[in-house]
Structure formats: structure tokens, C-alpha cells
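>>> when you get a sec, could you give me coordinates for this:
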Amino acid sequence: RQTAAQVVAQVAVVEMPEGFWGSLVETLLGFATCVPADVGRQEAALKTLGYTCEEAFASELDESLLRSKSNQILTAVVQCMRADLDVVVRRAATVALLNALEFCTDNFSRDAERNHIMTVVCTAASSDQDPDVRRAAFECLVRIGEVYYATLEPYLPHLFEISVTAMRGDREDVALQAIEFWSSVSEEELNRHDEVALSAGAAPVPDDKLPKNFIPKAVPHLCPVLFECLVQQDEFQDDDSWNKATAAGACLALLAEVPAAGVLPFVLPFVSKNIVDQANWRTREAALTAFGSVLDAPGAVDASAAAAAELNTFVDSFVPGLLSIFATDPQPMVRDTAGWAVGKVMLQPEPAQKFVAPACEAVLKTLGDEPAVARRACVVVHNLASTFEDHASDPVGVLSPFIEQLLQGLFLATLRDDDTQLKATAYESLGRLLRAAPEGSLPALAQCVPMLMERLQKTLTETPASEEDKTELSEHQGLLCGSLEALTLRLRAEGIAPFSDQLMQCYLAVFQQGNAASVHEEALMAVGQLASVSGHAFEKYISHFVPFLNIGLRNWEQYEVCHVAVGVVGDICRAIESKIEPFTDEIVGLLLTALQNPSLDRSVKPAMISCCGDIALAINGSYERYLPHVMVILKQAAQSSAQIEVSPDDYDLQEWVFSLRECIFEAFSAIMQALKTGNKEALIISEVTWLIEFCAYLSQEPNMPYKASLWSSNISASEKLIGGIVGLLGDLVTTLEKDKPDLRSLPWVSQLVERGCRSENAGVRETCGWARGVIFSQG
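A predicted model of the protein is given here:
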């Protein structure tokens, strides 16, 4: 029945938009409510209804097709949830309701209908004799909390009562959904606060989209129940475990994220009381989870400056004991959770600086601990390094006394063969530490190069016996290449030069181990970094490397590899400049072919357009032979960006459109500069008209749904794009001295320039200030 129901649903979402199967819903409703009752037929009809709603929502079917029938669907489904019906029918009906909720907006807007729905669902969640029905009913409440958050207020007292009862005494899967209800409400409230913050200075948020501040009211009553759940851990749980304790920890963390949630007065006493309970490891572990959950959450401290001060004081007094627990507690799970909490502390500059010495001491003890605890130790190092990475250019830093010991400890951790995840975490932490080490530690870092190269060379002699072994070997090589890339960055040309030949031999050998269609992503990045620091010295490697680079550029299926290869082309162009010209015909051909391929993932295309500009700057006037082909691509990309419809909540697509436009302007500007260097700037004159028209269009493109406009609420992206437009206009004036366009009379130009000069982005202000000078001082 289930398979048949799924097939019918999938056919329905294809047929119904075309006007077929108009009677499907009525037929299913008739079967669901048939008299006399036929349990099998009712179950099948309800499952098919549910799957049809689910498929319709997933495939973005025109909502009106089902919304117009929501009254009939709800009536039948709710009727089939009655306690006197067969349990099989009740289960199917409750799941069907869950899938139909997205289409019930009109019903939830009417008080009487909403009250009836909530009564039926709450009764099923609290009173049904079947735990599967209760679980499905709580799943309905979770969805209601997400979709109909604004309507919840009258029902919250009862929702709290039934959810607490389930959390305390129902079957675990039911309890998990009861906890999830509060997590979903917290998440929705947090999202609404974010929307309000993002709209500051723009159009006000509608009343029905404002946060209702349910969570601050619920926290005093909810926290004690979550604390009860925190101590119900599985004895051997890990990061992938999901039970009442882990769910409660996740919920508490979300509560603490909500502005002004006010969790500290409840969490800190719980932590203080239970962390000292030596007789019960569960209470200690629960205390650590609660502490870590509120440590860096805005809702924990933004109620007042006093709350922030209280937490800071608590952290200062708590961390010494926390580090001791991390290193010495007899229970591995307690040490594990303590390590997680220490890692969060070390992301905060003040306590990280204050406790760096005892933290490093604890790390050195725990890197040899059980794998789960050792992974936490690696993360502590990673977070310490992240916190102080901005000071890597200092001769001496707070990490200086510990660099050599930490490097040694991480190297030993990478050699452990009792946990592959530990090896990966240790290498990642090693890479971060290499990037953060102060300048005075560079001699210690240089000693790491031969050791890592030796390990990489050893992997080249291994023969994997299976696909799993092959994957593990490739991952190990990637981790080693990543560490060597970090060392190359830090040691710079003079420090890495003695090892360059050996490094390049290793990287080429890694490429040769691959297949004809793919190259190693991390090895590509390592080569790119070596080119960046080596400059013209990289020229001797280029003929050996380009065949593998081109394989990467052709690898459209593994678009991440292709993306990296594009970036490496730019690195090499900047490093060896005109010496890349013997290889650019094939590279440019691959880029242009890829840009015209609709199956290539869109995320790669802006980088490819920008790369066309990198090649131009490298070969200057010789770029003439590519100019007509590249300009066609740039013009097509500009036109396409104006035609793309962007949903207001599709932030990824908005960012991509902004990025595409920015890269078009970067590439055009680079090509102009390159041609001018080769005394061939006249070749670009015929392209100026469409470019200015495109800039004018963008300046006037309305801030409306389905457009990524310069006037959108994404101020950071729009101001960067304004900087790109204005910078390009300035380049037009300075590059085309004899045939420069007169931009002074165009109102949109001065409007963009002035807005850019007021930008919060210092780079945009600088660019626009320069452009204003050259544009408006034309003679």
C-alpha cells in the first residue's frame, strides 16, 4: 500500500497541473471516510493524500490546486483521527495531516477552524493510546510551530503542559518530538529577530512576521525540564547519538540564542550545583553540556550588561576546574564534553588569552587519550589558533611558548591508527596552528616540511587493496597536501625554496596516481600556493603541471575540483605573468567552453569570468586574439544576470547574481588595463556602449521581488557591486584617454559615486573617491 500510495502521489503532481485527475482528491476522501469502515482502504487513501501533499510541496506545485481543497482534506483527516477508530487509520490520518499542514493557511487564519485543528492535534499528542500516533501528532505541532508560529499564543499553556508530560514520561521518540517543538519555536523566533535586524533602515517587517517573544516567557518553566533530560544520557553516546539528553542540549543552545531569552539565571546555578557531584558522572556531564550551550549565545547575555558581566565572571572562575576535568575526570564521556566546552571557551579572545597556558597543558595530556577525547583536544588547538591567527605576523605571540610541543603532539596524533576521524581532525588542527604561529616560530615550522614530505612520499608507494582503501589513501594525501600548503604560505619564497623541487615532484606524483578524468583537489591548492610564493621561479614547473591543470578545468562533474583549478590558473598568471602564454590557448578554450555549458554548476562561472581577466593581465596585448570571444561571453553573462528571477528568500542566488556581476566588471577592467599595457586599448572601444548601458540598467533596476538589485536589503553585497561599477567607470576614463566617454552628464553616475563614497566598506569608499576625482575632473 505504501509503495502504491507513493507512486500515485508522484503521478498526481505531474498530472494535476495539466488539468488531469481533477477527481483524485475527492476519490481519496471518499475512500478515507467510507461507511461501513474499510480499514485497509482508509489507510491507503490517507497515505496517498499525505504523500500527494508532501510531493506537491516538495515539487513547488501551484498551491492553489490543493489549497482550494484544504477544507475537505482537513475535515476527512481530522475525522479519521478520532480515538474510536482503528489505530492503523489514526496513524495514517495523523501523518496525512502533517503533510497537509503547508496548504492550510486559510484554515489557520480562521479562529474556529484553527481552534478545532489544535484541539484534535493536542488531544492526539497527549491522550492517544498509540505512541506512534502521539509521535506523529507532536510532529504536527513541530510543523505548526514553524509554519504558523504567529498563531501559537493562545495554545502555549496547554502545549507546554503536554510537551512536558511527554518529555518526562513518554516513549523516547515521542519525547524527542516534544523537545523538538520547543526547538522549532526557538528557531523561528530567532529567525524573526534576524529579519528585524536585517531590515533596520529598510522597509519595516510586517506585524505577522515579527517575533512574539514566546521563548523568554517559556524559559523559566522549560529549563528545569530540559535539565532533567540532560542527565538521561546513553552511556556510550557519541557525536552522532540522538536521545533525550542530546536533544535537550540542542534545545537549550537554541533557547540561549534567542535575544533576551534570559537563560543564565537558570543555567549557571544548575552548572555550579552539578559539576561537583563526584558520585554521579551523568550530572557532571549534564552540567558541562549546559555550560557549553550558553557560553557564546547572544540570548544568554544581551538582556543586560549585568548578564554579560555575570557570565564573564562565571567563566573566569569555572575554567580552571573545567580544564582539570578535561584532563583528569575518570569518566571518558565527561572528559569528552569538557573538551567540547573548553574548545568553545578558546574561541573567545579574553579567556583564551587568560587560560592559554593551562589549556595547552591539558591538551598535551589529552592528545593521547581515547579517540573521542583526543579529537576534542585537537579542536581546542584549532580554536586557539583561530583566535590568535590575526597576530601571526607578530614576532612573538601568546602561543609562542607552546608551538613546538603542540606541533609534536599533533604529529603524534596524526600517526594514531585507532580512529580515522582523529587523524583528519589532527591534520586540520595542525594546518590551523601552522597558519597562526607567530613569525618567531617559523624555524620550528620549517622543520615540519621534511617530515610531511616524507609521509606524502610514503603514501605514493602504497597499493590500496579496495575502493575503501583507495579513498582513505586519497584523503590522507589530501590532509598532507593541506598541511604543506599552510607551511608554504607561512614560510614564503625564501623559506620554502629549498624544498620546492621535492614538493613539486610529490604533487605531480599525486596527480599521476589519479585517473584521466580527475585530479587531486588538495594537491591543486598546494600547487597554487607554491606558485603564489615562488613567483617567476615557478616557471620551470609549468610545462609539467599544465596537463593536470587542464584535467581539472575539464572536470565539470566534480565542480569543486574545477573551481579550484580555475583559482590555480589565476595564481599562476600572477606568479609567472607572460610566461604562461604558451599554454593560454588551451586554457582559455576550456574556460569559454565551460562558461557556455548549462550543466556546469553555476558557482564556478563567476570565478571563470574573473579568471579571463587574470589571463589578460598576465599576457597583456597578446590577449587580442581572445578578445572577441571573451566579450561575447561577458555580454551574454550581463544579459543573463538581468533576466534571472530571484526569490526574496533565496539568499544564495542573490549572492551569486551579485558575484557574477562583480566578476564581469573585474574581468572587463582587467582586460582594458592589459590591452592598454600592450598599446591596444582602442580594441575595447566598440564594447564600451553595451557596458555603460548595463551599468545604467543596474543603477535603475528597481528593488522588487525576483531581482538582486543595488537597492536591495543586502547592503554589503550591493555596496561591493557599486564599488565594482564605479571603479570600472573610473578605469574607462583613465584607460581610454583619447576616446573616453563623458560620464559627467549621466545622473545615475553621480548617484552611484556618492552612494559609494558613503559606504561602510572602506575599500568601496576609497575606490569611489578615486573614481569621483577622475570622472568629474575630465577636461
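
>>> any idea of the pLDDT on residue 516?
For residue 516, the model assigns a pLDDT of 54.

>>> tally of neighbours for the closest residue to residue 89 other than its chain neighbours?
In this structure, residue 89 finds its nearest non-sequential neighbour in residue 42, 4.9 Å apart by CB to CB, 6 or more residues apart in numbering. In this view, the C-beta of every residue, glycine as well, is placed from N, C-alpha and C. By other CB atoms under 10 Å, 22 other residues sit near residue 42.

>>> cool, and residue 558?
Residues within reach of residue 558, counting by other CB under 10 Å, total 15.

>>> before we move on, what about the one 5 residues further on?
Residues contacting residue 563 under the criterion other CB under 10 Å number 21.

>>> against residue 556, how distant is it?
Distance, residue 563 to residue 556, using CB to CB, to the nearest Å: 10 Å.

>>> show me what contacts residue 164?
Applying CB atoms under 8 Å, 6 or more residues apart in numbering to residue 164 gives the contacts 178, 221-222, 225.

>>> would you list these in CSV and tack on distance to residue 122, pLDDT and neighbour count?
Compiled in CSV, these are given as follows (distance: CB to CB, whole Å; pLDDT from 0 to 100; neighbours: other CB atoms under 10 Å):
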residue, distance to residue 122, pLDDT, neighbour count
178, 12, 97, 29
221, 17, 94, 13
222, 17, 96, 24
225, 18, 97, 20
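
>>> now distance to residue 572 too, for those residues, in TSV please.
Formatted as TSV, the contacts of residue 164 follow (distance: CB to CB, whole Å):
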residue	distance to residue 572
178	57
221	62
222	57
225	60
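
>>> got CSV for those residues, with distance to residue 138 and secondary structure too?
Formatted as CSV, the contacts of residue 164 follow (distance: CB to CB, whole Å; DSSP: H, G, I helix; E, B strand; the rest coil):
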residue, distance to residue 138, secondary structure
178, 5, helix
221, 18, helix
222, 15, helix
225, 15, helix
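
>>> out of the residues you listed, who's nearest residue 495?
Of all the contacts of residue 164, residue 222 has the smallest distance to residue 495: 55.3 Å, by CB to CB.

>>> show me what contacts that closest one?
Contacts for residue 222 (CB under 8 Å, 6+ apart) come out as 160, 164, 182, 255.

>>> quick check: the farthest pair among these?
Taking CB to CB, the two most distant members of those are 164 and 255; they sit 14.6 Å apart.

>>> quick one: low-confidence ranges for the stretch 301-450 of the chain?
By pLDDT under 70, the weakly predicted segments of the stretch 301-450 of the chain are 301-304.

>>> now residue 646: phi and psi?
phi -120, psi 120 (degrees, to the nearest 10).

>>> hang on, it packs against residue 658?
No: in this structure, residue 646 is not within contact of residue 658 by CB atoms under 8 Å, at 10.0 Å.

>>> higher neighbour count, these two?
A count of neighbours by other CB under 10 Å puts residue 658 above the other of residue 646 and residue 658, at 24 against 20.

>>> tell me the pLDDT of that one.
Looking at residue 658, its pLDDT is 90.

>>> how many neighbours does the closest residue to it other than its chain neighbours have?
Leaving out its chain neighbours, the residue that sits closest to residue 658 by CB to CB, 6+ apart is residue 717, at 4.1 Å. Residues within reach of residue 717, counting by other CB under 10 Å, total 20.

>>> again with residue 777
9.

>>> could you do residue 440 as well?
Residue 440: 13 neighbours (other CB under 10 Å).

>>> what do you get for residue 158?
13.

>>> same question, residue 511
Residues near residue 511, counting by other CB under 10 Å, number 21.

>>> go on, residue 204?
Other residues close to residue 204 by other CB under 10 Å number 10.

>>> buried sites along the helix or strand containing residue 756?
Per DSSP states H and E: residue 756 is located in helix 747-757. Of the residues in helix 747-757, 749, 752-753, 755-757 count as buried by neighbour count, 16 or more other CB atoms under 10 Å.

>>> which of the residues you listed sits closest to residue 527?
Distance ranking of the buried residues of helix 747-757 against residue 527, using CB to CB, places residue 756 first at 37.0 Å.

>>> hey, which helix is longest across this structure?
Among the segments of the chain that qualify as a helix by DSSP state H, the longest is helix 467-496.

>>> what about that one, average pLDDT?
On average, the pLDDT along helix 467-496 is 93.

>>> same question, stretch 520-531
Stretch 520-531 carries an average pLDDT of 96.

>>> now the residue nearest to the spatial centre of the chain: how far from residue 366?
Residue closest to the mean C-alpha point of the chain, counted by CA atoms, centre = their mean, is residue 652 at 10.3 Å. Distance of residue 652 to residue 366, computed by CB to CB: 39 Å.

>>> could you do residue 86 as well?
Residue 86 is 56 Å from residue 366, by CB to CB.

>>> the two: which is more packed in?
Taking other CB under 10 Å, residue 86 and residue 366 do not tie; residue 366 has more neighbours (26 against 14).

>>> which secondary structure element is home to the nearest residue to that one once chain neighbours are set aside?
Distances taken as CB to CB, 6+ apart put residue 377 closest to residue 366, at 4.2 Å, once the chain neighbours are dropped. Per DSSP H and E: residue 377 is located in helix 371-388.

>>> tell me what that helix is packed against?
With contacts defined as 3 or more CB pairs under 8 Å, 6 or more residues apart in numbering; DSSP states H and E, helix 371-388 has these neighbours: helix 332-345, helix 349-354, helix 356-366, helix 403-414, helix 420-436.

>>> give the buried residues for it.
The neighbour-count check on helix 371-388 (16+ other CB under 10 Å) flags 371-388 as buried.

>>> before we move on, what about stretch 146-153?
Buried-residue list, stretch 146-153, by 16+ other CB under 10 Å: 146-152.

>>> tabulate those residues (JSON lines), appending distance to residue 456, secondary structure and pLDDT.
Shown next, in JSON lines, are those (distance: CB to CB, whole Å; DSSP: H, G, I helix; E, B strand; the rest coil; pLDDT from 0 to 100):
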{"residue": "146", "distance to residue 456": "48", "secondary structure": "helix", "pLDDT": "93"}
{"residue": "147", "distance to residue 456": "52", "secondary structure": "helix", "pLDDT": "92"}
{"residue": "148", "distance to residue 456": "56", "secondary structure": "coil", "pLDDT": "94"}
{"residue": "149", "distance to residue 456": "53", "secondary structure": "helix", "pLDDT": "95"}
{"residue": "150", "distance to residue 456": "57", "secondary structure": "helix", "pLDDT": "93"}
{"residue": "151", "distance to residue 456": "60", "secondary structure": "helix", "pLDDT": "94"}
{"residue": "152", "distance to residue 456": "57", "secondary structure": "coil", "pLDDT": "95"}
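
>>> can you redo the contacts of residue 222 as a markdown table with distance to residue 678 and secondary structure?
Output for the contacts of residue 222, formatted as a markdown table (distance: CB to CB, whole Å; three-state DSSP):
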| residue | distance to residue 678 | secondary structure |
| --- | --- | --- |
| 160 | 73 | helix |
| 164 | 75 | helix |
| 182 | 66 | helix |
| 255 | 62 | helix |
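
>>> and these, which of them are buried?
Burial by neighbour count, 16+ other CB under 10 Å: within these this picks out 160, 164, 182, 255.

>>> packing partners of the host helix or strand of residue 633?
If you go by DSSP H and E, residue 633 is part of helix 627-643. Applying 3+ CB pairs under 8 Å, 6+ apart, one finds that helix 627-643 makes contact with helix 584-595, helix 605-619, helix 651-677, helix 688-700.
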